[in-house]
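**Q** With the sequence up front, the predicted model follows.
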Protein chains: 2
Amino acid sequence: MTIQQHKIIPIPEVEPRAIIPNQNLRVPGPTAIPPEIMQAQAHQMINHRGPEFSAIMKRVTLRLQYFFQTEAPVLTYPASGTGGQESAIANLFSAGDHVVVITIGNFGDRLAKIADIYGLNVTRISFAWGEAADLTAIEARLKELPPYKAVLMTHNETSTGVTNDVQTLSALVHRLSPDALVVVDAVSSMGCVPLEMDAWGLDVVFTGSQKGWMVPPGIMMIAASPRAWEAQKVAKLPRFYFDWTLARKQLEASWQHPTTPPVSIFYALDLALEMMLAEGRDAIFARHLRAGEYIRTRAKAMGLQLLADHQYVSNTVSSIYFPEGVDGKGLLSALRKEDNIVLASGQGQLQGKIFRIGHLGFFTQADLEQVMDTLEKRLPEFGYRR
Amino acid sequence: MTIQQHKIIPIPEVEPRAIIPNQNLRVPGPTAIPPEIMQAQAHQMINHRGPEFSAIMKRVTLRLQYFFQTEAPVLTYPASGTGGQESAIANLFSAGDHVVVITIGNFGDRLAKIADIYGLNVTRISFAWGEAADLTAIEARLKELPPYKAVLMTHNETSTGVTNDVQTLSALVHRLSPDALVVVDAVSSMGCVPLEMDAWGLDVVFTGSQKGWMVPPGIMMIAASPRAWEAQKVAKLPRFYFDWTLARKQLEASWQHPTTPPVSIFYALDLALEMMLAEGRDAIFARHLRAGEYIRTRAKAMGLQLLADHQYVSNTVSSIYFPEGVDGKGLLSALRKEDNIVLASGQGQLQGKIFRIGHLGFFTQADLEQVMDTLEKRLPEFGYRR
């Protein structure tokens, strides 16, 4: 090869930094955060190996255990929710292990894809996007299958707005296959809707700071049951960054992290957990339930069709079909540019067909009313005729 | 197994959140950040799939290419610097590949350890902690070795305060083994001291936001040469979270990220790069050079012994031996508690033997003078007799 000698890369021409207007951000993550949590980040850095950081990490970890409802240590990583998926797989399994992935949308598919990439033998049990995992169908399928090490599933499927009944699914797996682990992606459910890791017999649960926690993206949290820790001991897939053993060792030794944690996001999470405790877990769950019901009631009153309209519909994300003849792209763009309301488009096979409203973490009833009132006003401009 | 039914995890008793005093933070990362960068984080979240985020990501990426001095796309991940090490290894190699790791300290050792864990055939070329990689010894050793796919090394070894001459090392590798890749951990050097990725023929270079960039921890940046991208195509190690292909595809399609990026840290990085350009790359390098010289001159004038005192001594991190008879732990603790000056202890085999002063990223001459003046005043209280 020839080495390019002294080639100089010039300073690039770029658009100047622009002021971003305050928006009514209603995508299913990153979610809007309270002003005091924004501000909590604006503190000087501290030594992540010092007592000030350990105090934060200890408080955050113990409070996360309460929200996870687990006695297991909750480990934190600088990562997105996808890092939680990879962390679960890399820590639990060896190449060739048979696992079952129940998928009802994009993030269930991603779990299966990562398991494929890591060389696992993956059985997918898939349901149509918009549907929840069907217990009868799953029971029948699981009974046919050769032994499996684990069943992986999403709790709330962010791409469709459906919340699987993981409590019942977990009980089913434990009944049919007592040694199989239950792995739950709770990225967009935890802290918003009931989830009790230990009582429900969940072996691995993970979530991300940018969803129900009222915190910017940057921290992934994950916990593992004693059974999962046993499985981790013999699991041979390569891992270092996401290795639970390293994180647990450092946590138990000093309430610290094996590598450098995202300090300013920890400032935010520390305050957010305090605010969540002040509101109360049950009150938070009730607020999300009301939000889901409000969005669905308003959507139906406008004549809109929900992607999911059954007992498993999500109380953190609502998916709504663009009505026939409506210019969906134009609608979302106008809402963003003219009304400062930001909604999410569909993912994968639902792209262009649905839009999604996130109602998780920090929101008020007024925020949601503004979204639905404006939507009602704007829809006719983009071709909606009832 | 028995599922614990309805076991309730109570709200934990914790120490209340405390106000953290402003400190003169002189550890080699997280580094102190300017007030305007702290404040830049305190903005509402935005949609990471929207045009506002794409504008930030485009500006940040182009400016990072300038600081990396590369035409290659600079990919960003929610991760620590260790994530960069794992990302490089997982993307470039297949199990059994022979690689050479040049190590002069803790982070070189970590590179080798991750390569071991991923099943590579690793030859270590190790030097005593405090020394730089010796070119003659490396040339002799490389000539004896069977073919190798890559040579991995740290640029600045954060654990010892030594900066390898990667320009010459890279030229040596290319001369001896034209097909081998050169992988450089530039976590605590990039943006502080000269590094020219393309001109020096470096194939993979990575760094972390919490070092020279005046930004909180949370973003890892990595770039790969066309040769490295070719290697990545055939590399079989499992990867998804750190897969470069996914990140590049999303970057090229929309200036976005395949998973959720740490939005508030991007706000900080966006402003930091603007401030770094205003100061100028050469001026930044000169400031770090002056800082290194100042710390070393003052340390020697106090009669202290540097771990490294040769042409490869680092201008971003200084390692100083605790003098015989000095209570090192007490000294660092008093500096922190009474003077609000935070220095770092030694790592691994140097624990208890040295302390480290970080002088990278955001600092003024006055910050460094306060450290050295206070150290001079405090040392006799902890047993120092010249």
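**A** Looks like it arrived, so ask away.

**Q** Please give me every residue in contact with the closest residue to A:Val215 other than its chain neighbours.
**A** Once flanking residues are discounted, A:Val215 sits nearest to A:Ser209: 4.1 Å by C-beta to C-beta, 6 or more residues apart in numbering or on different chains. Just so you know, the C-beta spots here come from the backbone N, C-alpha and C atoms, and that holds for glycine as well. The neighbours of A:Ser209, taking C-beta atoms under 8 Å, 6 or more residues apart in numbering or on different chains as the test, are A:Val215, A:Pro216, A:Pro217, A:Gly218, A:Ile219, A:Met220, A:Met221, A:Ile265, A:Ala268, A:Leu269.

**Q** Next up, phi/psi of A:Ser209, please.
**A** Listed backbone geometry of A:Ser209 is phi -60, psi -20, with angles given as degrees, to the nearest 10.

**Q** next SSE after the host helix or strand of A:Val99?
**A** Remark: A:Val99 resides in strand A:98-103, with elements defined by DSSP states H and E. Once strand A:98-103 ends, the next helix or strand along the chain (criterion: DSSP H and E) is helix A:106-117.

**Q** Give me the angle between that next one and strand A:98-103.
**A** Following axes from the mean of the first three to the mean of the last three C-alpha atoms, to 10 degrees, one obtains 160 degrees for the angle between helix A:106-117 and strand A:98-103.

**Q** Would you mark the buried spots in helix A:106-117?
**A** Across helix A:106-117, burial judged by 16 or more other C-beta atoms under 10 Å in any protein chain shown covers A:Asn106, A:Phe107, A:Gly108, A:Asp109, A:Arg110, A:Leu111, A:Ala112, A:Lys113, A:Ile114, A:Ala115, A:Asp116, A:Ile117.

**Q** of all the residues in the stretch 201-350 of chain A, which ones are close to chain B?
**A** Counting by C-beta under 8 Å from any C-beta of the partner chain, the residues of the stretch 201-350 of chain A close to chain B are A:201, A:208, A:210, A:216-218, A:227, A:237-242, A:258-265, A:268, A:270-271, A:274, A:277, A:336, A:342, A:344-345.

**Q** hang on, the earlier thing: make TSV from the buried residues of helix A:106-117 and add pLDDT and distance to chain B to it.
**A** Compiled in TSV, the buried residues of helix A:106-117 are given as follows (pLDDT from 0 to 100; distance: C-beta to the nearest C-beta, whole Å):
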residue	pLDDT	distance to chain B
A:Asn106	97	12
A:Phe107	98	11
A:Gly108	98	15
A:Asp109	98	12
A:Arg110	98	8
A:Leu111	98	10
A:Ala112	98	11
A:Lys113	98	7
A:Ile114	98	5
A:Ala115	98	10
A:Asp116	98	9
A:Ile117	98	5
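
**Q** Pull the helix or strand harbouring A:Arg287 out as CSV, backbone CA atoms only.
**A** With elements taken from DSSP H and E, the one containing A:Arg287 is helix A:281-301. Presented in CSV, the C-alpha positions along helix A:281-301 are these (Å, rounded to 0.1, in the frame of the first residue of the first chain):
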residue,chain,number,x,y,z
ARG,A,281,-45.1,4.1,41.3
ASP,A,282,-48.9,3.5,41.3
ALA,A,283,-49.6,7.1,40.5
ILE,A,284,-47.2,6.9,37.5
PHE,A,285,-48.9,3.7,36.3
ALA,A,286,-52.3,5.4,36.6
ARG,A,287,-51.1,8.4,34.7
HIS,A,288,-49.9,6.2,31.8
LEU,A,289,-53.1,4.2,31.8
ARG,A,290,-55.1,7.5,31.6
ALA,A,291,-52.9,8.7,28.8
GLY,A,292,-53.4,5.6,26.7
GLU,A,293,-57.1,5.7,27.2
TYR,A,294,-57.3,9.4,26.4
ILE,A,295,-55.3,9.1,23.1
ARG,A,296,-57.3,6.1,22.0
THR,A,297,-60.7,7.7,22.9
ARG,A,298,-59.8,10.9,21.0
ALA,A,299,-58.5,9.1,18.0
LYS,A,300,-61.6,7.0,17.7
ALA,A,301,-63.8,10.0,18.2
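
**Q** list the helices and strands that helix packs on?
**A** For helix A:281-301, the elements it packs on are strand A:317-321, helix A:365-378, judged by 3 or more C-beta pairs under 8 Å, 6 or more residues apart in numbering or on different chains; DSSP states H and E.

**Q** what about it, distance to the chain center?
**A** Computed by C-alpha atoms, centre = their mean, to the nearest Å, the separation of helix A:281-301 from the middle of its chain amounts to 18 Å.

**Q** What of stretch A:20-32?
**A** 16 Å.

**Q** How about stretch A:366-380?
**A** Once both centres are worked out by C-alpha atoms, centre = their mean, stretch A:366-380 turns out to sit 26 Å from its chain's centre.

**Q** repeat for stretch A:346-362
**A** 13 Å.

**Q** tell me which residues in that stretch are buried?
**A** Under the neighbour-count criterion of 16+ other C-beta under 10 Å, stretch A:346-362 has A:Gly346, A:Gln347, A:Leu350, A:Ile354, A:Phe355, A:Arg356, A:Ile357, A:Gly358, A:His359, A:Leu360, A:Gly361, A:Phe362 buried.

**Q** end to end, how far does it reach?
**A** With C-alpha to C-alpha, to the nearest Å applied, stretch A:346-362 spans 22 Å between its terminal residues.

**Q** Can you classify the residue nearest the centre of chain A as helix, strand or coil?
**A** Nearest residue to the geometric centre of chain A (C-alpha atoms, centre = their mean): A:Val187, 2.1 Å. Each residue gets one of three states, and A:Val187 gets coil by DSSP: H, G, I helix; E, B strand; the rest coil.

**Q** residues touching the closest residue to it other than its chain neighbours, list them.
**A** Beyond its immediate neighbours in the sequence, the residue positioned closest to A:Val187 (C-beta to C-beta, 6+ apart) is A:Gly81, lying 3.8 Å away. A:Gly81 makes contacts with A:Phe107, A:Asp185, A:Val187, A:Ser188, A:Phe206, A:Thr207, A:Gly208, A:Gln210, A:Lys211, A:Met220, B:Thr259, B:Thr260, as judged by C-beta under 8 Å, 6+ apart.

**Q** cool, A:Phe68 as well?
**A** Applying C-beta under 8 Å, 6+ apart, we find A:Phe68 in contact with A:Val74, A:Met190, A:Leu195, A:Met197, A:Val205, A:Met221, A:Ala223, B:Ile9.

**Q** from those, which would you call buried?
**A** Buried members of the contacts of A:Phe68, scored by 16+ other C-beta under 10 Å, are A:Val74, A:Met190, A:Leu195, A:Met197, A:Val205, A:Met221, A:Ala223, B:Ile9.

**Q** Quote the end-to-end distance of stretch A:24-44.
**A** Length of stretch A:24-44, first residue to last, C-alpha to C-alpha: 29 Å.

**Q** Same check on stretch A:32-50?
**A** Using C-alpha to C-alpha, the gap from the first to the last residue of stretch A:32-50 comes to 31 Å.

**Q** quick one: average pLDDT of that stretch?
**A** In this model, stretch A:32-50 has a mean pLDDT of 97.

**Q** Mind listing what's buried along it?
**A** Of the residues in stretch A:32-50, those scored as buried under the neighbour-count criterion (16+ other C-beta under 10 Å) are A:32-34, A:37-50.

**Q** That stretch and chain B, are they touching?
**A** Yes: in this structure, stretch A:32-50 sits against chain B according to C-beta under 8 Å from any C-beta; the contacting residues are A:32-33, A:38-39, A:41-50.
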